[in-house]
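1. Starting from these lines, generate the structure:
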Amino acid sequence: MLSINNLTIMYEDKVIVSNFNIKIEKGEIVSIVGESGSGKTSILRSILKLLPISAKIVNADIRYKDQSLIDITEEELNKIRGNNIALLFQDSGLSINPIRKIGNQFIQYIRVHKQISKKEAEKLAIEQLDKMNLDAKHIMKTYIYNLSGGMKQRVGLAFAMSLDPDALLLDEPTSALDKETQSLVMKELIRVKENKAILMITHNIRLALEVSDRIIILKDGQQIDKESEYAKQLLGK
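-> Residues are numbered from 1 along each chain as shown. Next up, the predicted model:
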């Protein structure tokens, strides 16, 4: 469903990621693990061409269902973002306007992508917040700055899941969550993965081993062989 071939990412003259390759099919959760600064987030952002202006993609072939995401226009890519491929940022609260109620934004977000009524969009938003074990009616009426880091992350995941995308790109989706809430979020991802391709970045090796169908190890922008000493040490083998 989603594939990356020979991805190299440069920030000005510095290579951040070199010749990265991955293919994710529907029904898979694939995790990328590695130390900070190894290029994990840049890989996720490159899929939807959301890298900083100083970055550039070199000689890559990135495809969603055999459609190139490199060669299409920004207008075409905007139709795919959210609808078909959703990206959850590590600090998802930053993408939510602090001076508007969460509910108003959530309803608008859904209606921009789906031709449904305001009432239907509100019902869908509440359902998604409920799945994240949040007090949906309260969340809809409050502002993002009133929430804890873990609650913000769950709100962001509810936004991402609401359009039922084919692929989910998750940047540290459980980093601000306690163990109980981590378990809830992971159970939800496992529940929906049958119809999705999920690519997840995480520092939580235990979590990656528990839920992933495959794990890719990254070091200094390079994919590392799982049999290497570095990989064995990282994975606790």
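
2. Would you mind pulling up the elements that the lowest-mean-pLDDT helix or strand in the chain packs against?
-> Using mean pLDDT, DSSP states H and E, helix 229-235 stands out as the lowest-scoring helix or strand of the chain, at a mean of 79. Contacts defined by 3 or more CB pairs under 8 Å, 6 or more residues apart in numbering; DSSP states H and E place helix 229-235 against helix 205-211, strand 214-219. Bear in mind the C-beta positions are built from the backbone N, C-alpha and C, glycine included.

3. show me where the protein has strands.
-> Secondary structure of the chain, counting by DSSP state E: strands at 2-11, 14-24, 28-33, 55-58, 61-64, 67-68, 85-88, 167-171, 197-201, 214-219, 222-224.

4. Mean pLDDT, distance to Ala158 and mean neighbour count for those strands - can I get that in JSON lines?
-> Listed next are these as JSON lines, based on pLDDT from 0 to 100; distance: least, CB to CB, whole Å; neighbours: other CB atoms under 10 Å:
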{"stretch": "strand 2-11", "mean pLDDT": "94", "distance to Ala158": "22", "mean neighbour count": "18"}
{"stretch": "strand 14-24", "mean pLDDT": "94", "distance to Ala158": "22", "mean neighbour count": "17"}
{"stretch": "strand 28-33", "mean pLDDT": "94", "distance to Ala158": "19", "mean neighbour count": "22"}
{"stretch": "strand 55-58", "mean pLDDT": "92", "distance to Ala158": "29", "mean neighbour count": "15"}
{"stretch": "strand 61-64", "mean pLDDT": "94", "distance to Ala158": "23", "mean neighbour count": "18"}
{"stretch": "strand 67-68", "mean pLDDT": "92", "distance to Ala158": "27", "mean neighbour count": "12"}
{"stretch": "strand 85-88", "mean pLDDT": "90", "distance to Ala158": "10", "mean neighbour count": "22"}
{"stretch": "strand 167-171", "mean pLDDT": "92", "distance to Ala158": "12", "mean neighbour count": "23"}
{"stretch": "strand 197-201", "mean pLDDT": "93", "distance to Ala158": "16", "mean neighbour count": "25"}
{"stretch": "strand 214-219", "mean pLDDT": "92", "distance to Ala158": "26", "mean neighbour count": "19"}
{"stretch": "strand 222-224", "mean pLDDT": "90", "distance to Ala158": "32", "mean neighbour count": "17"}
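
5. got a list of what the residue nearest to Ile85 when sequence neighbours are not counted touches?
-> Leaving aside its sequence neighbours, Ile85 sits nearest to Ala167 (CB to CB, 6 or more residues apart in numbering; 4.4 Å). Shown in contact with Ala167 (CB atoms under 8 Å, 6 or more residues apart in numbering): 1-2, 24, 64, 84-86, 196-199.

6. at 6 Å what do you get?
-> Residues in contact with Ala167 (CB atoms under 6 Å, 6 or more residues apart in numbering) are 2, 85, 197.

7. If the second one is in a bridge, with which residues?
-> Which is Ile85. Counting by DSSP bridges, Ile85 is bridged to Arg81, Ala167.

8. Look up how far Pro173 lies from it.
-> Relative to Pro173, Ile85 is positioned 15 Å away (CB to CB, to the nearest Å).

9. and if you look at Ala167?
-> Ala167 is 14 Å from Pro173, by CB to CB.

10. Check Lys65 too.
-> From Lys65 across to Pro173, the span is 23 Å (CB to CB).

11. Neighbour count: the two, which is higher?
-> Neighbours per residue (other CB atoms under 10 Å) separate Lys65 from Pro173, with Pro173 holding more: 28 against 13.
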